[in-house]
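[1] dropping a prediction and its sequence here:
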Amino acid sequence: MSELLQAVLDSEERSDLRSFLSELRQQEKKYLLRNDILNVYSEYCSKSQKPEAYYTTSELGKLIYYTQEIIQEDSNFCFIIRSKIASQEVYWLTSDLSIEPMTVQDLLDLRDRLVNKFHPNDGDLLELDFGPFYDYTPIIRDPKNIGKGVQFLNRYLSSKIFQDSKQLLENLLNFLRLHHYNGVQLLVNDRIQSQQQLSEQVKKAIGFVNNRPDDEPYEQFRFQLQSMGFEPGWGNTAARVRETLNILDELIDSADPQTLEAFISRVPMIFRIVLVSAHGWFGQEGVLGRPDTGGQVVYVLDQAKSLEKQLQEDVLLAGLEKLNVEPKVIILTRLIPNSDGTLCNQRLEKVHGTENAWILRVPLRDFNPNMTQNWISRFEFWPYLETFAIDSERELRAEFQGTPDLIVGNYTDGNLIAFLLARRLKVTQCNVAHALEKSKYLFSNLYWQELEEKYHFSLQFTADLIAMNAANFVVSSTYQEIVGTPDSVGQYESYKCFTMPELYHVTNGIELFSPKFNVVPPGVNENNYFPYTRTKDRVESDRQRLAETLFTLEDPTQIFGKLDDPNKRPLFSMARLDHIKNLTGLAECYGQSKELQEHCNLILVAGKLRVEESGDNEERDEIIKLYNIIDEYNLHGKIRWLGVRLSKTDSGEIYRVIADRQGIFVQPALFEAFGLTILESMVSGLPTFATQFGGPLEIIQDKVNGFLINPTNLDETATKIVDFITKCEQNPNYWNEISQRGIDRVYSTYTWKIHTSKLLSLARIYGFWNFTSKENREDLLRYLEALFYLIYKPRAQQLLEQHKYR
Ligand code: UDP
Ligand code: LCN
């Protein structure tokens, strides 16, 4: 029995619970989510004239705080209580306060009945349960360690070496033998045949390099090492080879997690990487701000550059330079023949500033040219993934003249393609979600049938389940992306248990305590985004041109609004014009606050200015809404709305121009998975106000290096910004303090260097783990394949049929 429920029943508040249930019965809604529950509770408290402290400190208050959902059926209730992160308890409460625990199956049936999709005569639905497949793997116990998979795995593996050193060291030796580059053996050769020999030869080799000067190049003693059983890959100088051998020696003698990680991180096993970002516009110029095209493109491009650099450094340090080892990174995306002035119709494009990182664009098979020659929304892209993966395999093999060592998927479609490719190529698969749509749209699974025509969630959620379970490891940008916060469910967590009425029930969709989850936040491109005070790195003519564009230029084709007083402090935001980005909410907040209007102008860089220029439903709705708000609150003369596509350099400079005027950046999204614009604005030195819903909650430390806002509370948001401005006016240094702390926060925690060294280290450790563990993934992968062919594929084919007539 839930301790929270029991506490209420054992106290004098038992009758309060009864009255609260009666309040719930008066509600029109029968399915209440957390916000609704809090509202009903607050109404109940005020109606019953409860003292203020009761709201939070009473036993009932505590129960309500942890209750995520309440579902009413007849006059009884189902309470879904999440008293701990990543775990839920479900109870059935009757009017006489008897309480019964409910099984997951009962809960899913109840939800189905709610949408009238329960037909007992039809028998049961397909039930998906991934739980048994995780029985093979070690599981994290404490929720606070979720997302620290690799640390856990290192501890686990090193304790195994300790317990059963012979077997694991044998595995390690076999693992070291595996590595080649273009047919050249790396690390160990046939002269070392057993773990015993490995241990002896390592000591001998250490003795040998100990007598050589630190900086002696590896090439000068390569052959002596070879005769002892060691091939290239241990280091580029005597000092580096000695260091690596010493780490291995320590690992053999007394394994601990740090030594294991230090050693495996040095194993030269990754030279070729594929980053799959399949849908939409993927390019280096002229694509950002288009529908579906935002942070993911920025993330993948910056990651590719940083990975290449890191791989080059690793190759150098491992002493592989003379073998002509050339790391290569390929971003795999779709080719769009009608490319609207972008380079998305080019097969191969080099990534700027790299030696060997490329964008490889593979065309979709020509089905109906009206579809496949044009941009396709991410919600419609599903029928093309399988054939795209098959065609891409051939192209990748040709480009690499071999196979890649790691495949990283991005977003649902990229992750599914990564699964298909990794399966065919037998390569480590990593998943990056960016944003999981399931939690973005309320009741997206329960009412999937009604939403299907527009969103095709049945395909998306099935693809998510397949890819996230198949991945060897998952990289998330924040902890809450996996398991949320004490009062909100995480994005991955929302896949744990849900119903797709009439399609399937998911009773255990993902193991959140699996070490496959790793929090590795992205960084920010430091060449484009840097503090506004670094004047020597700024181009004066760009600064002037962009200041004019932002505040005074008249160009009705791209810019709306003329400012009465362009010198007022700018309140700035930049985002795609999506509903969830809520720029219209920000405009409304500004419109409702006379004080904000007095102190600031509102400057928005977003989407397009005209409905007829947009091919995206949500963008069109938001354009109309924004014009309505401007008229309703008469914001003419106070607002500028720029429907421009900025070049990469301009998009960096624009933040700095706002900072020159001691402006403020506001990110008002209703939900933001991570929020790269927040890093960009902070590193530029702009005090940043960002949504408390999602990733920004982890990026910003409230009132220390930025501010968190509840964008649905317009009044409170306006007051927070006005308070900040007032404080700045009283103490002119306050703006600088927050600005500097924002800059420090990004440089200390969010750099691409930190990201890629961690990512590569993960790839190596998981490579080793897969090799050594007895885990049998084949049964899981077969189950996932069955899902793909039996559920995903027929539905994708149906959608393809519909595309025929577009
Ligand atoms: N961006 C841009 N022009 C726009 C809108 C966005 O250059 O009109 C860029 C922005 O600088 C950031 C990215 O697109 O690098 C948006 O990333 P974020 O993670 O904030 O949001 P997403 O669009 O991925 O949801
Ligand atoms: C998608 C989003 O919605 C953003 O919140 C992220 O910052 C972006 O991807 C990059 O991961």
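    Nice, thanks for sending it over. Ligands and ions are numbered 1, 2, ... in the order given.

[2] and the closest residue to ligand 1 within the stretch 151-300 of the chain, how far is that from Leu676?
    In the stretch 151-300 of the chain, the residue found nearest to ligand 1 is Gly294; the distance is 2.0 Å by C-beta to the nearest ligand atom. In short, each C-beta sits where N, CA and C put it, glycine included. Distance, Gly294 to Leu676, by C-beta to C-beta, to the nearest Å: 8 Å.

[3] excluding chain neighbours, what is closest to the residue of the stretch 151-300 of the chain closest to ligand 1?
    Closest residue to Gly294 apart from its sequence neighbours, by C-beta to C-beta, 6 or more residues apart in numbering: Arg576 at 5.1 Å.

[4] checking that neighbour next. Helix, strand or coil?
    Secondary structure, DSSP: H, G, I helix; E, B strand; the rest coil: Arg576 is coil.

[5] contact partners for it?
    Going by C-beta atoms under 8 Å, 6 or more residues apart in numbering, Arg576 touches Gly289, Arg290, Pro291, Thr293, Gly294, Ala606, Gly607, Glu619.

[6] for the fourth one, give me its contacts.
    Looking back up the chat, that one is Thr293. Gly280, Trp281, Phe282, Val287, Arg576.

[7] reformat those as TSV; add pLDDT, distance to ligand 2 and secondary structure.
    Listed next are the contacts of Thr293 as TSV, based on pLDDT from 0 to 100; distance: C-beta to the nearest ligand atom, whole Å; DSSP: H, G, I helix; E, B strand; the rest coil:
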residue	pLDDT	distance to ligand 2	secondary structure
Gly280	92	12	coil
Trp281	97	14	coil
Phe282	98	13	coil
Val287	94	14	coil
Arg576	92	9	coil
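
[8] and those residues as JSON lines, adding distance to ligand 1?
    Formatted as JSON lines, the contacts of Thr293 follow (distance: C-beta to the nearest ligand atom, whole Å):
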{"residue": "Gly280", "distance to ligand 1": "11"}
{"residue": "Trp281", "distance to ligand 1": "12"}
{"residue": "Phe282", "distance to ligand 1": "13"}
{"residue": "Val287", "distance to ligand 1": "9"}
{"residue": "Arg576", "distance to ligand 1": "5"}
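
[9] most widely separated two among those residues?
    Across those, no pair lies farther apart than Phe282 and Arg576, at 15.0 Å, counting by C-beta to C-beta.

[10] which secondary structure element is home to Gln197?
    helix 195-210 (DSSP states H and E).

[11] by contact count, what packs against the next helix or strand after that helix?
    Under the assignment DSSP H and E, the closest C-terminal helix or strand after helix 195-210 is helix 222-228. Applying 3 or more C-beta pairs under 8 Å, 6 or more residues apart in numbering; DSSP states H and E, one finds that helix 222-228 contacts helix 195-210.

[12] so which elements touch the helix it packs on?
    Using 3+ C-beta pairs under 8 Å, 6+ apart: helix 195-210 touches helix 165-177, helix 222-228, helix 238-253.

[13] mean pLDDT for these: which is lowest?
    Of all these, the minimum mean pLDDT falls on helix 165-177 (a mean of 87).

[14] list the buried residues for that helix?
    Within helix 165-177, the residues that count as buried by 16 or more other C-beta atoms under 10 Å are Ser165, Leu168, Leu169, Glu170, Asn171, Leu172, Leu173, Phe175, Leu176, Arg177.

[15] ok, Phe443 - how many residues close by?
    As a burial measure, Phe443 scores 14 neighbours (other C-beta atoms under 10 Å).

[16] and Ile407, by the same measure?
    Counted with other C-beta under 10 Å, Ile407 comes out at 31.

[17] wait, doesn't it sit right on Leu425?
    Yes - Ile407 is in contact with Leu425 according to C-beta atoms under 8 Å; the separation is 7.3 Å.

[18] how about the contacts made by the residue nearest to Pro363 when sequence neighbours are not counted?
    Counting by C-beta to C-beta, 6+ apart, Pro363 lies nearest to Leu335, which is 4.3 Å off, once chain neighbours are set aside. Applying C-beta under 8 Å, 6+ apart to Leu335 gives the contacts Cys344, Asn345, Gln346, Arg347, Arg361, Val362, Pro363, Leu364.

[19] list just the nearest of those residues to ligand 2.
    Cys344 (18.9 Å).

[20] give the buried residues for stretch 255-264.
    Applying 16+ other C-beta under 10 Å to stretch 255-264 flags Ala255, Asp256, Pro257, Thr259, Leu260, Glu261, Ala262, Phe263, Ile264 as buried.

[21] now the residues you listed in a markdown table, with distance to ligand 1 and pLDDT?
    What follows is the buried residues of stretch 255-264, written out as a markdown table (distance: C-beta to the nearest ligand atom, whole Å; pLDDT from 0 to 100):
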| residue | distance to ligand 1 | pLDDT |
| --- | --- | --- |
| Ala255 | 40 | 82 |
| Asp256 | 38 | 87 |
| Pro257 | 33 | 89 |
| Thr259 | 37 | 92 |
| Leu260 | 34 | 90 |
| Glu261 | 30 | 90 |
| Ala262 | 33 | 93 |
| Phe263 | 35 | 95 |
| Ile264 | 31 | 93 |
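
[22] farthest-apart pair in those, please.
    Asp256 and Ile264 (12.9 Å).

[23] can you tell me how far Thr462 sits from His456?
    Taking C-beta to C-beta, one finds Thr462 at 10 Å from His456.

[24] to clarify, my last question referred to Leu686.
    38 Å.

[25] now do the helices in the stretch 601-750 of the chain.
    Assigned by DSSP state H, counting those that start in this stretch, the helices in the stretch 601-750 of the chain fall at 617-632, 648-660, 676-684, 696-699, 714-730, 733-749.

[26] turn those helices into a markdown table, columns for distance to ligand 1 and mean pLDDT.
    Output for those, formatted as a markdown table (distance: least, C-beta to the nearest ligand atom, whole Å; pLDDT from 0 to 100):
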| stretch | distance to ligand 1 | mean pLDDT |
| --- | --- | --- |
| helix 617-632 | 11 | 95 |
| helix 648-660 | 4 | 96 |
| helix 676-684 | 3 | 98 |
| helix 696-699 | 10 | 97 |
| helix 714-730 | 18 | 97 |
| helix 733-749 | 13 | 98 |
